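Engineer: Predicted structure and sequence below. I'll ask about it afterward.
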Number of protein chains: 2
Amino acid sequence: MVQFVHPARQDITLAGVLAALADPVRLQIVRGLLTEPACMSCTAASPCPDIPKSTLSNHFRVLRESGLIHTTKKGVEHRNVVREADINARFPGLLKAILKHAGA
Amino acid sequence: MVQFVHPARQDITLAGVLAALADPVRLQIVRGLLTEPACMSCTAASPCPDIPKSTLSNHFRVLRESGLIHTTKKGVEHRNVVREADINARFPGLLKAILKHAGA
DNA sequence: TCAATAGTTCGGAAATATGGGACTATTGAA
DNA sequence: TTCAATAGTCCCATATTTCCGAACTATTGA
């Protein structure tokens, strides 16, 4: 039983968030999660075509540890949600300003 | 005679900018350049205390290649300027939103 | 109980970052 | 000139991080 590590709101750092979003794949994941709130790599429905599972798992871990997303187990799947409230509270306007330019 | 590589405005990428700013040292450099537009590592006046020259040189190269700063030779020194116009044209609001939170 | 599926973890290879030291370029002084 | 001082780059060895195949774990459904 794996329990995930999520930083508390006040422990979310700007450099951490930027580093997490500095990767094109992760940027797409966050974008995807905001429009279609849900899944993981999970073969289908993912914004990630040919990326191996282990790599995706890493990307999600980075996003999680940066404080950008929250992951819960939902049966055999994982449910990921962008921590909009936390990020917006900590860095108002940041997420919107970045994602505005994360063109498909 | 070293000539620097600066990407054209349209070649500046979001991921590149975020990656460049994802490092605390580089974030401080950009912040410093905006308030006190000028120098390089240059011993004094730098926002960077104990970082070796070669490492700083690397950081400035990353900032340069990401399109965030423009470097020109000015005698024996280098003059660095944040490419605010280019960044703002390409990603309106982004730089301000990020630097707003780059607390000292 | 077994197969299938979602995702993590492990471990080695590849890529990247760090920083010491040698090198280059410019300036200013003797 | 020539020489010393200074700013910064380049090279290269080491350290860290990322990538991804393969093995593993957990849950569900038959």
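Structural biologist: All right, it came through fine.

Engineer: Quick check: buried residues in the host helix or strand of A:Gln28?
Structural biologist: Using DSSP states H and E, A:Gln28 maps to helix A:24-35. Neighbour-count burial for helix A:24-35 flags A:26-33 (criterion: 16 or more other CB atoms under 10 Å in any protein chain shown). All C-beta atoms are positioned from the backbone trio N, CA, C, and that covers glycine.

Engineer: Turn the residues you listed into TSV, including pLDDT.
Structural biologist: Converted to TSV, these look like this (pLDDT from 0 to 100):
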residue	pLDDT
A:Arg26	94
A:Leu27	93
A:Gln28	91
A:Ile29	92
A:Val30	93
A:Arg31	91
A:Gly32	89
A:Leu33	90
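
Engineer: quick check, nearest of these to DNA strand D?
Structural biologist: A:Arg26 (8.7 Å; CB to the nearest atom of the strand).

Engineer: Tell me who's in contact with the closest residue to that closest one other than its chain neighbours.
Structural biologist: The spatial neighbour of A:Arg26 that comes closest, neighbours along the chain excluded (CB to CB, 6 or more residues apart in numbering or on different chains), is A:His59 at 5.2 Å. With contact taken as CB atoms under 8 Å, 6 or more residues apart in numbering or on different chains, A:His59 is in contact with A:23, A:25-26, A:29, A:51.

Engineer: If you count contacts, what does the helix holding A:Gln28 end up packed against?
Structural biologist: Using 3 or more CB pairs under 8 Å, 6 or more residues apart in numbering or on different chains; DSSP states H and E, the elements in contact with helix A:24-35 are helix A:14-21, helix A:53-66, strand A:77-82, helix A:94-99, helix B:14-21.

Engineer: Next up, the contacts around A:Leu33.
Structural biologist: By CB under 8 Å, 6+ apart, the neighbours of A:Leu33 are A:69, A:80-82.
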